[in-house]
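Novice: when you get a sec, could you give me coordinates for this:
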Amino acid sequence: EMTQKALHVLSRNPNGFFLVVEAGLIDWAGHDHDTGTLLHEMLKFDETVALVHEWAQGRKDTLVLVTADHETGGFGFSYSRFNRPAPRTLPGAAFRAETFQPQRDFGNHRILDAIYNQRLSYPEIMERFDALPEGEQTPKTLAEIIDANTEFPISEGEAAVVLGGETDDTGFYGTGKEFRRNLLARIVSKRQLTVWSTGSHTSTPVPLIAYGSSHVSSRYGKMMHTTEWGRETIDILSKGE
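Specialist: All right, here's what the predicted structure looks like:
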């Protein structure tokens, strides 16, 4: 809605405009290893890109760039030895009297649905917990809040770990109470089949997508350093291309 309004207002300027739209909570979710919030924020970003793309279609005076300044968290999906499928028999003479069990759980699309169904972000979960009277701030209560707002329940013992059963000996994560979010993510990651490499920014290359007239957008069609495509953009704007 903010982007739509910005396009409506700024497009009245006969001299054109330069608009930056940032989906900043994707980065926050990456720091927290909050997969559910990451998914929701990426979907919001996707809707916004679709809106801008539709607005720019057919225009000869508009360049749209979609990129990021960095990747955060080193996120990925991966298979796991946790919760392996149960052994089963297979048809055919070659498998007679034998059972087959995969060595890993390779997951299924229902996991994505469960991640999507998260109702509160990890910061909101912790804020709700911290707002309770001190006597009610127990592992049992935290587990209940998590169970009510995600589809990846944790045990009371796991909640105790989130509340301070471990310390950050890697230096990768946040500090103080913020670190609890990463501990929660570490516990549920085996059920989500997700992996994270760090709680900070990474040097992983990010996509750079350019949409507009080919004589301009083609200038971005290669591997580029952030400062390089920045200079290209300044050059395009300054020359009025």
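
Novice: so what's the residue count around the residue nearest to residue 2 when sequence neighbours are not counted?
Specialist: Closest residue in space to residue 2, ignoring its immediate chain neighbours: residue 21 at 7.9 Å, by Cβ to Cβ, 6 or more residues apart in numbering. Where C-beta positions appear, they are placed from N, C-alpha and C, glycine not excepted. Neighbours of residue 21 under the rule other Cβ atoms under 10 Å: 14.

Novice: in this structure residue 21 contacts residue 44, no?
Specialist: No. Judged on Cβ atoms under 8 Å, residue 21 makes no contact with residue 44 at a distance of 11.0 Å.

Novice: hey, C-alpha coordinates of the longest helix seen in the chain in PDB?
Specialist: Longest helix in the chain, counting residues (DSSP state H): helix 35-56. Only the C-alpha atoms of helix 35-56 are listed here, as PDB (Å, rounded to 0.1, in the frame of the first residue of the first chain):
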ATOM      1  CA  THR A  35      11.700 -19.000   9.200                       C
ATOM      2  CA  GLY A  36       8.000 -18.300   9.500                       C
ATOM      3  CA  THR A  37       8.500 -14.500   9.500                       C
ATOM      4  CA  LEU A  38      11.000 -14.800   6.700                       C
ATOM      5  CA  LEU A  39       8.500 -16.600   4.500                       C
ATOM      6  CA  HIS A  40       5.700 -14.000   5.200                       C
ATOM      7  CA  GLU A  41       8.000 -11.000   4.600                       C
ATOM      8  CA  MET A  42       9.300 -12.500   1.300                       C
ATOM      9  CA  LEU A  43       5.700 -13.000   0.200                       C
ATOM     10  CA  LYS A  44       4.900  -9.400   1.000                       C
ATOM     11  CA  PHE A  45       8.000  -8.400  -1.000                       C
ATOM     12  CA  ASP A  46       7.000 -10.600  -3.900                       C
ATOM     13  CA  GLU A  47       3.600  -8.800  -4.000                       C
ATOM     14  CA  THR A  48       5.300  -5.500  -4.000                       C
ATOM     15  CA  VAL A  49       7.600  -6.400  -6.800                       C
ATOM     16  CA  ALA A  50       4.600  -7.600  -8.800                       C
ATOM     17  CA  LEU A  51       2.900  -4.300  -8.200                       C
ATOM     18  CA  VAL A  52       5.900  -2.300  -9.400                       C
ATOM     19  CA  HIS A  53       6.400  -4.600 -12.400                       C
ATOM     20  CA  GLU A  54       2.700  -4.100 -13.400                       C
ATOM     21  CA  TRP A  55       3.000  -0.300 -13.000                       C
ATOM     22  CA  ALA A  56       6.200  -0.200 -15.100                       C
END
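
Novice: quick one: mean pLDDT for that helix?
Specialist: For helix 35-56, mean pLDDT is 97.

Novice: also stretch 13-22?
Specialist: 94.

Novice: show me the contacts for the spatially most central residue of the chain.
Specialist: Taking Cα atoms, centre = their mean, the centroid of the chain lies closest to residue 38, which sits 2.9 Å from it. By Cβ atoms under 8 Å, 6 or more residues apart in numbering, the residues touching residue 38 are 26, 29, 30, 75.

Novice: state the distance from it to residue 189.
Specialist: 12 Å (Cβ to Cβ, to the nearest Å).

Novice: same thing with residue 230?
Specialist: 35 Å.

Novice: kindly report the same for residue 48.
Specialist: Remark: distance between residue 48 and residue 189 (Cβ to Cβ) = 28 Å.

Novice: again with residue 136
Specialist: Separation of residue 136 from residue 189 (Cβ to Cβ): 28 Å.

Novice: sounds good, over and out.
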